[in-house]
Structure formats: C-alpha cells, structure tokens
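1. Provided below are the primary sequence and the corresponding predicted coordinates.
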Protein chains: 2
Amino acid sequence: MTETTTTKTAMTETTMSETPSGMPALSDFLCFAAYSTGHAFNRIYKPLLDRLGVTYPQYLVLVQLWAEDGQTVGALGGRLFLESNTLTPLIKRLEAMGLVIRRRDPADERQVRVSLTEQGRALETQALAVPGCIFAATGLTLDEIQRLTRDLTVLRDRLMATAETAA
Amino acid sequence: MTETTTTKTAMTETTMSETPSGMPALSDFLCFAAYSTGHAFNRIYKPLLDRLGVTYPQYLVLVQLWAEDGQTVGALGGRLFLESNTLTPLIKRLEAMGLVIRRRDPADERQVRVSLTEQGRALETQALAVPGCIFAATGLTLDEIQRLTRDLTVLRDRLMATAETAA
DNA sequence: GCTAGTTAAATCGCACACGATTTGATCGTG
DNA sequence: CACGATCAAATCGTGTGCGATTTAACTAGC
C-alpha cells in the first residue's frame, strides 16, 4: 500500500495490466481501441464504397452535401474536423469524378462552395443501403450503438477542448 | 406500423435522426464517432510524442517492443492490425533514428526480427509519462475508460470477424 | 481610400494505410 | 531430391491527415 513506485502513473497504479517494463499493455489503451476500431470500420466500408467508386473520407463529404448542398470547404471541414489541406485535394478528386463542382462564392471570393452534380445527387440512392450494412456488421443493438456513439462523441469533444487549451 | 418505406434501413426506421435526403445525419454514425475520436487522440498525442521524436504508429511499435523485444514484423503487425507494407517503412524510420535494429531470423530467413537499441530502451523512461497525460485529457474516470475500451475492443473484433467472413 | 491585419483555400512535404504485386525462403508431396 | 505451393517481407501506387507556408480576398483603423 505504501509503495515507493512513485514513477508510475495514475493509470498503472490501479487496475491496468502492466508489462514487465512498467508500460501498460497496449490492449489497455483507449486510444488504441479507438484507432484500431476506426481502421476496422474502414475495412468494412471499403467493399461497399468500392461499388460507389469513392473512399471513406470522400463518402463523408458526400453525406454532408446530401444533407446540405453548396457548403463551403470550411463548413465541410468544421463538421468533419478536417482542414483545407486535406479537403482541397479530396474534393478535387470528387470533381474529377464528376460528382461535385467547386465554385468561388461571388459574395466572398475567398470561399469555395461545393455543389453536387446530377450524378452526385444520383449516387445517394446507391448509398442508402450502406448504413444498414454497417449496422449489421457491428452486431450491436440500436441502443448499444447509440450509447457508444454518444460516449465517443463526448470523449472526442473533450479531447478537442483539451487540445484547444493546450494551444 | 405497416409503412411502405421499404427502402429505408433498419437504422433509419427507428430512432436515428434523419436529414431531408433520407440519409441519417453524420452525427449518428458510430463509425464517424470512432474515426473522429481517433483523430482527436492523435492530436493530443502529437505534442507529447514530438518530444520523443516519434509518431503515434511508431510509438505503438515501441510500446510492443518494450513489452517484448525481438518480435518479428508479422508479430508486430498481428498485434497492431497492420501489414508489412505499412510496418516495413515505419520500422526502417525507427532504425534510421537509431532506436531499433532489424535482423533476419537465422532460423527462418523469411522473417525479420526487430530489436531495441540501447537508445530505444532508454526512451521508455521518457514515455512513461505519456499514458497519464492522455488519461487526464480524456476527463474520464478509470471505470469509464475501461468500459469504453472493452466495448470498442468487442466491436472491433466483431467487425474484423465480419470482414473475415466476407472475404 | 490606403495599408496592416485577418481570413479561406491552396500548396508543399512527410508519414501513415492499404490493395496489389514481387522477391526470396521454407514446406509438402511424390 | 525436385518442384509447386505457401509464407514473410518488401516494393509500388494511390489516397488520406496534418504542420507549415503561401496566395488571394476581405476588414478595420487611421
């Protein structure tokens, strides 16, 4: 109880399993669980999105635009937590595929508005089946999914608030 | 109850909020929550790992090696869910930094074993503070972290099992 | 109304991820 | 022992992510 292992962290002092080296086991890292689950989702999405001809981040942009067309690059980035350095080339690829058009906003030429083409709108019909497939792959109930989604969202927002403060 | 909206998925039929287009709102996507939480973690880790001079995936490899030195590329990949096409260049960067050495296994020349250098072992002391900082950034209790980690791990393993079956 | 400061995208460089293929070593069967 | 199958890494090409910088457009203060 009155140990002298003062170098240990709060995490390792209590219940986390620990390797001989003193570092907690990787399986205990929440961040690794989030990291690897994200990749696992990506692998599930891949075959479904291949049929649509888009990648997962491209799909996320399209979901945004199906909900509200003509958003600026900044607005899309705000919702997806991505910067223009990631979005600009991604959206240019969507444009090259003929799914969207990029236009500078006449009222503020600094901004670029992204609009769906007819083909881009049409793709939503194909995409409607995707969420159901993903739902089935999780093997979770709707309640479990909602709770997990909420918990992760709370965590994400807290992490981003911390990152904000640190900056 | 006896609706005719047969094109809707199980998810959209029940409780998920829905945009005018018929696609569930992005905030409802569990996969997006995992995806964005992973990125949020990455941004928290960045300043901590910058001091160690490594990236997050490089850090994960080092955590593995601190737990068990001399693992093969395949064994590391099995634990991190990464393939040699990702790991090989990553580990070569660790080698270029002088943190690890790569050696072909004499007993089976197909395999490459990755071993920590003195400098690589020494880095663990610096890294011991990292998990505690991350823990603080989450603002969660240990119980909450453990439950979320377990839930995510279960989900990840189920997704990977599905991907396995589909292949 | 001109200039300094701010803002939105775009650009550049680097490091993952991952599908697909290649190279080299090992194994299994005849 | 031979040789095809299998296996572990490595290689190659494409597409994110993101820090840092640049460019162009707007805004505020004098």
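-> Yep, it's here.
2. Can you name the residues of chain A sitting close to DNA strand D?
-> Taking C-beta under 7 Å from any atom of the strand as the contact definition, chain A meets DNA strand D at A:55-58, A:81-83, A:85-86, A:89-90, A:93, A:107-110. Using the backbone N, CA and C atoms, a C-beta is placed for each residue, glycine as well.
3. now, which of those lie close to chain B?
-> With C-beta under 8 Å from any C-beta of the partner chain as the criterion, those include A:56, A:81 near chain B.
4. buried subset of the residues of chain A next to DNA strand D?
-> Buried by 16 or more other C-beta atoms under 10 Å in any protein chain shown: A:55-58, A:81-82, A:90, out of these.
5. Tell me if residue A:54 really is in a helix.
-> No: going by DSSP: H, G, I helix; E, B strand; the rest coil, the assignment for residue A:54 is coil, not a helix.
6. ok, and the closest non-adjacent residue to it?
-> residue A:62 (6.8 Å; C-beta to C-beta, 6 or more residues apart in numbering or on different chains).
7. close enough to count as contact, that neighbour and residue A:123?
-> Yes: using C-beta atoms under 8 Å, residue A:62 makes contact with residue A:123 at a distance of 6.8 Å.
8. ok, back up a step: sort out for me which of the residues of chain A next to DNA strand D are in helices.
-> Among the residues of chain A next to DNA strand D, the members falling in helices (DSSP state H) are A:56-58, A:85-86, A:89-90, A:93.
9. Give me the buried stretch members for stretch A:106-124, please.
-> A:112-114, A:116, A:120-121, A:123-124.
10. now stretch A:151-164
-> Buried residues in stretch A:151-164 (16+ other C-beta under 10 Å): A:151-156, A:158-160, A:162-163.
11. same check, this time on stretch A:124-144
-> Residues A:124, A:127-128, A:130-132, A:134-135, A:137-138, A:140 are the ones in stretch A:124-144 that count as buried (16+ other C-beta under 10 Å).
12. next one: the host helix or strand of residue A:34 to chain centre, how far?
-> Assigned by DSSP states H and E, residue A:34 falls within helix A:30-52. Its chain's C-alpha centre and that of helix A:30-52 lie 10 Å apart, by C-alpha atoms, centre = their mean, to the nearest Å.
13. now the longest strand seen in chain A, how far from the centre of its chain.
-> Longest strand in chain A, counting residues (DSSP state E): strand A:108-116. Relative to its parent chain, strand A:108-116 has a centroid offset of 23 Å by C-alpha atoms, centre = their mean.
14. next one: stretch A:62-70
-> Taking C-alpha atoms, centre = their mean, one finds the center of stretch A:62-70 at 16 Å from the center of the full chain.
15. List the residues that contact residue A:120.
-> A:62, A:65, A:94, A:98-100 (C-beta atoms under 8 Å, 6 or more residues apart in numbering or on different chains).
16. Confirm that it sits in a helix.
-> Yes: assessed with three-state DSSP, residue A:120 lies in a helix.
17. Could you report the pLDDT at it?
-> The model reports residue A:120 with a pLDDT of 97.
18. same question, the one 10 residues further on
-> In the prediction, the pLDDT value recorded for residue A:130 is 92.
19. Which residue is the nearest non-sequential neighbour of it?
-> Closest residue to residue A:130 apart from its sequence neighbours, by C-beta to C-beta, 6+ apart: residue A:48 at 5.3 Å.
20. quick one: the one you found and residue A:122, what's the gap?
-> 17 Å (C-beta to C-beta, to the nearest Å).
21. Check residue A:141 too.
-> 33 Å.
22. ditto for residue A:83
-> 29 Å.
23. what's the angle from the longest helix along chain A to helix A:30-52?
-> Ranked by number of residues, the top helix in chain A under DSSP H is helix A:142-166. With axes from the mean of the first three to the mean of the last three C-alpha atoms, to 10 degrees applied, the angle from helix A:142-166 to helix A:30-52 works out at 110 degrees.
24. how about helix A:142-166, does it reach chain B?
-> Yes: Helix A:142-166 is in contact with chain B by C-beta under 8 Å from any C-beta, via A:142, A:144-146, A:148-149, A:151-153, A:155-156, A:158-160, A:162-163, A:166.
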